[in-house]
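Peer 1: Structure for this input, please:
(chains A and B)
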Protein chains: 2
Amino acid sequence: MTTASATSWLDLPADHPFGVATLPYGVFSTASDPGPRVGVAIGEMILDLAAAVGQLAPPLAAAVAGPSLDTLLAAGPQAWSQVRALVTAWLTDATFSERLGQHLVPARDAVLHLPFTVADYVDFYASEQHATNLGKMFRPGQDPLTPNWKHLPIGYHGRAGTIVGSGTDIVRPCGQRRGTDGEITFGPSARLDIEAELGFVVGTGSRLGRPVDIDRFPEHVFGVCLVNDWSARDIQAWEYVPLGPFLGKSFATSISPWVVPLAALGAARVTPPARTVPLLPYLDDARTPPWGLDVRLEVRLNGHVVSRPMFDGMYWTGAQMLAHLTANGASLRTGDLYASGTISGARPDQRGSLIELSWGGAEPLRLPDGTTRTFLEDGDEVVISASAPGPDGTVIGFGEVRGRILPATEPPR
Amino acid sequence: MTTASATSWLDLPADHPFGVATLPYGVFSTASDPGPRVGVAIGEMILDLAAAVGQLAPPLAAAVAGPSLDTLLAAGPQAWSQVRALVTAWLTDATFSERLGQHLVPARDAVLHLPFTVADYVDFYASEQHATNLGKMFRPGQDPLTPNWKHLPIGYHGRAGTIVGSGTDIVRPCGQRRGTDGEITFGPSARLDIEAELGFVVGTGSRLGRPVDIDRFPEHVFGVCLVNDWSARDIQAWEYVPLGPFLGKSFATSISPWVVPLAALGAARVTPPARTVPLLPYLDDARTPPWGLDVRLEVRLNGHVVSRPMFDGMYWTGAQMLAHLTANGASLRTGDLYASGTISGARPDQRGSLIELSWGGAEPLRLPDGTTRTFLEDGDEVVISASAPGPDGTVIGFGEVRGRILPATEPPR
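Peer 2: Below is the predicted model of the structure:
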């Protein structure tokens, strides 16, 4: 197999985020061929994977067919390896350039789609800094971290049906909130926020009643995408006790069009922060290389960088989240998505949400264009991007997830 | 259209729970024809709906085709009315007896399946008695009802992928819990419980960003089923602050095989309990006949009735839950399921969960077989059934949802 750090005959800069060390999967269409199909990003191009495999590796055609990544996700880790090895070989061996050229589409000519059918969506709460910051704001006067926080990765189910592709406009949600005077009113959220997260995309399902061992993370999880878990803080604050966030989150969650396979993240694996509470065996990752990830995010608001969250500081890894999610025997399905929760670091400029960046609205952010923000205003656009170190000085890019706020629509009456 | 209170040429007792006033929809197969298909329960028989429609009403065949109710759910309220009117006419007009007879299968020869593909699953918390009882047990010393409880129907998302059909065995889940000594351990739940609920099955989806008006409940909700929301109280108690129930619930949720259409519940509509807090307009159902429902449940444990919960005491109606669920613009999809939360009445023998019936384990239940129960033991079988008044003294049956507890499997290491 060609090494991932080989160079492509496409003559990309060594540090191109979509070089041959990345090879993320997505779904695209073009004006001339409007049917959504699986693609692999390479440089400024998209490889039409089904077309290329159909010509060069017909036995694998079934694994990459269809209008989404669903088939590839379900095909399992052996197929994932085979497809990645093939694509790597094709893109690094110049003898393929002619045959492959006809299947390369300029990315600027393509429309990117929601890449897979989301089965169940779970959102975790894996950043100690984020949980601490929100605990201080939502439960003042109490210990900001709840007693369970370092014993298990806290998570909850979100709404899979309102996960949308990057670029989808976000209508400002309406809802109930309690004013500082105690009055309960219904109206557009006045504290609309973002949450910068990574999402783990499940490929291989599991059987009901059978927990998935923490070591089996790469057999079940296909890859990683970017997630913006839009949040209406005023709605959330009023509704969330005792059963957790609901309408404060369920109006929309945006994910990036490109899913970076776990296989691209080998050089990004790092040891997570020291655990200060002993872990139960099912969560203990001390005996295997842990799945901390050196992924560096960037949050832009109307073009201005407002935060640079670092995933390497997350207390819980994706492997631990998976082990916990299934510890009670809950089964996995192809297309399950679980997100990390907001990624926030120790420094103020590493906080992954506006409620933290503006400290609950008390410390407005001053943007370079002279405006200030506490929460999102209508028309604001948020772009979250990320990268990680690849092998031999290469860069693994995650692309971006983008969304713009539209004004609230009139309530039903 | 033949009236729903007409009698069938099948000569059923007037109070048969599956008389012509009920006509619930489900999915069945038989040994001689193992393909799952849509059926309607009538007496002790199941009408093979696709076969009957194919012969007698071909233009409607597309609406009832396929191995689940998904197609019928998506077909919308006009199709639901047409199909129900047709089936009612066929079963009440003896001239159809010969043509229909070949499409009737004895229910005892049929296997019943999970009736539809669950999209998103939401669980509400709509019984004031249940919320009060659990508040007293989970948050002693605090006001048992949280301040938001009478302002909005509290709900949270559950795991759609672990919703199982009636009769599926339930493996006792393992998980983290904190002992009375404060020790954190992992092991089989020692407080495995039931929750007797009704579930509302969404047929017609809605657009993202567009709340669904409370009056449009019957245009979106196809019907009602029974739900047993199995709950591991020890896991739940340790994990649920601050983001709500997760692994304490996600290991399995059982639903009944028969979905009773809303059209069968006209005579069961009642005014819900008086609201003691003014409702915001989007939840206000004072101007239309409200959707309180006189549905009477029965919970049997190893054959012994342990509770008779009454849905007519629920503070929030299914129509209010729908309006709330979408108030923030969250969209609906065909197959969304939202459940009421445990149905508990004022009397101790109307409590819909064992944690309430045994008051947190402090007051064991004595069963007629001489055994006692606080929570479920391995081998226990729970059956929840229900009925409601139909027109002209008829009875609307919901069938039952059944599940037996299997011992925990060994943890992964």
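Peer 1: what residues does stretch A:382-391 touch?
Peer 2: A:3-5, A:17, A:19, A:21-22, A:194, A:196, A:198, A:226, A:228, A:256, A:264-268, A:293-301, A:311, A:376, A:395-404 (Cβ atoms under 8 Å, 6 or more residues apart in numbering or on different chains). No exception for glycine: its C-beta is placed from N, CA and C like everyone else's.
Peer 1: An error on my part: the question was meant for stretch A:34-48.
Peer 2: Contacts for stretch A:34-48 (Cβ under 8 Å, 6+ apart): A:8, A:10, A:12, A:16, A:18-20, A:22-29, A:49-51, A:64-69, A:72, A:87, A:91, A:100, A:103-108, A:110, A:113, A:258, A:399.
Peer 1: Now intersect those residues with the strands, please.
Peer 2: A:25-29, A:104-106, A:110, A:399 (DSSP state E).
Peer 1: State the three-state secondary structure for the closest residue to chain B within chain A.
Peer 2: Per Cβ to the nearest Cβ, A:Gly244 is where chain A lies closest to chain B, at 2.3 Å. Following DSSP: H, G, I helix; E, B strand; the rest coil, we place A:Gly244 in the coil state.
Peer 1: Could you do A:Ala79 as well?
Peer 2: helix.
Peer 1: roughly how far apart are the closest residue in space to it that isn't next to it in sequence and B:Arg172?
Peer 2: Spatial nearest neighbour of A:Ala79, excluding adjacent residues (Cβ to Cβ, 6 or more residues apart in numbering or on different chains): A:Ala63 at 4.6 Å. Separation of A:Ala63 from B:Arg172 (Cβ to Cβ, to the nearest Å): 37 Å.
Peer 1: For the stretch 1-150 of chain A, which residues are neighbours of chain B?
Peer 2: Within the stretch 1-150 of chain A, the positions lying close to chain B (Cβ under 8 Å from any Cβ of the partner chain) are A:119-122, A:125, A:135, A:138-139, A:146-148.
Peer 1: Just put those residues in a markdown table and tack on pLDDT.
Peer 2: Shown next, in a markdown table, are the residues of the stretch 1-150 of chain A next to chain B (pLDDT from 0 to 100):
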| residue | pLDDT |
| --- | --- |
| A:Ala119 | 98 |
| A:Asp120 | 98 |
| A:Tyr121 | 98 |
| A:Val122 | 98 |
| A:Tyr125 | 98 |
| A:Gly135 | 92 |
| A:Phe138 | 85 |
| A:Arg139 | 88 |
| A:Thr146 | 96 |
| A:Pro147 | 96 |
| A:Asn148 | 97 |
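Peer 1: care to break chain A down by domain?
Peer 2: In terms of domains, chain A is parsed into A:25-112, A:121-406 (source: automatic domain parsing).
Peer 1: Deepest-packed of the ones you listed, please.
Peer 2: Of all those, domain A:121-406 has the most neighbours on average by mean count of other Cβ atoms under 10 Å in any protein chain shown, namely a mean of 21.
Peer 1: so what's A:Leu376 up against?
Peer 2: A:172, A:192-194, A:301, A:354, A:382, A:405.
Peer 1: Now with 10 Å, please.
Peer 2: Contacts for A:Leu376 (Cβ atoms under 10 Å, 6 or more residues apart in numbering or on different chains) come out as A:170, A:172, A:189, A:191-194, A:230, A:232, A:301, A:354, A:382, A:403-405.
Peer 1: Then A:Val202?
Peer 2: A:73, A:116, A:119-120, A:122, A:212, A:220-223, A:322, A:325, A:332-338.
Peer 1: got a list of what the closest residue in space to it that isn't next to it in sequence touches?
Peer 2: Distances taken as Cβ to Cβ, 6+ apart place A:Asp336 nearest to A:Val202, at 3.8 Å, with adjacent residues excluded. For A:Asp336, the contacting residues are A:73, A:116, A:118-122, A:160, A:200-203, A:205-206, A:220-221, A:322, A:325, A:330, B:159, B:161, by Cβ under 10 Å, 6+ apart.
Peer 1: Next: A:Pro272.
Peer 2: Shown in contact with A:Pro272 (Cβ under 10 Å, 6+ apart): A:126, A:285, A:290-293, A:311-317, A:319-320.
Peer 1: what's the burial count for A:Thr409?
Peer 2: 15 (other Cβ atoms under 10 Å in any protein chain shown).
Peer 1: Quick check: it vs A:Leu376, distance?
Peer 2: For A:Thr409, the distance to A:Leu376 - Cβ to Cβ - is 16 Å.
Peer 1: before we move on, the earlier item: which members of the contacts of A:Leu376 occur in helices, if any?
Peer 2: Secondary structure from DSSP state H places A:Leu354 of those in helices.
Peer 1: coming back round to it: the contacts of stretch A:382-391 in strands, which ones?
Peer 2: A:196, A:198, A:226, A:228, A:293, A:296-301, A:395-404.
Peer 1: how about the nearest residue to A:Ser97 once chain neighbours are set aside, phi and psi?
Peer 2: Of all residues not flanking A:Ser97 in the chain, A:Trp9 sits nearest, at 5.0 Å (Cβ to Cβ, 6+ apart). With angles defined as degrees, to the nearest 10, A:Trp9 sits at phi -70, psi 0.
Peer 1: My guess is A:Trp9 contacts A:Leu104. True?
Peer 2: No - A:Trp9 is beyond contact range of A:Leu104, at 11.2 Å (criterion: Cβ atoms under 10 Å).
Peer 1: Overlap in contacts, the two.
Peer 2: Common neighbours of A:Trp9 and A:Leu104, counting by Cβ under 10 Å, 6+ apart, are A:91, A:97.
Peer 1: Chain B contacts on the stretch 301-413 of chain A?
Peer 2: Residues of the stretch 301-413 of chain A lying close to chain B (Cβ under 10 Å from any Cβ of the partner chain) are A:323-333, A:335-336, A:341, A:406, A:408-413.
Peer 1: got the CA positions of stretch A:170-185 in PDB?
Peer 2: C-alpha atoms of stretch A:170-185 as PDB (Å, rounded to 0.1, in the frame of the first residue of the first chain):
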ATOM      1  CA  ILE A 170     -30.800  28.700  10.400                       C
ATOM      2  CA  VAL A 171     -34.200  30.300  11.300                       C
ATOM      3  CA  ARG A 172     -34.000  31.900  14.700                       C
ATOM      4  CA  PRO A 173     -36.100  29.700  16.900                       C
ATOM      5  CA  CYS A 174     -39.000  31.000  19.000                       C
ATOM      6  CA  GLY A 175     -39.800  29.600  22.400                       C
ATOM      7  CA  GLN A 176     -40.600  30.100  26.000                       C
ATOM      8  CA  ARG A 177     -38.200  31.800  28.300                       C
ATOM      9  CA  ARG A 178     -38.400  33.400  31.700                       C
ATOM     10  CA  GLY A 179     -37.300  37.000  31.900                       C
ATOM     11  CA  THR A 180     -35.200  38.400  34.700                       C
ATOM     12  CA  ASP A 181     -38.500  39.700  36.200                       C
ATOM     13  CA  GLY A 182     -39.800  36.200  36.300                       C
ATOM     14  CA  GLU A 183     -42.300  36.700  33.500                       C
ATOM     15  CA  ILE A 184     -42.800  33.800  31.100                       C
ATOM     16  CA  THR A 185     -43.000  34.900  27.500                       C
END
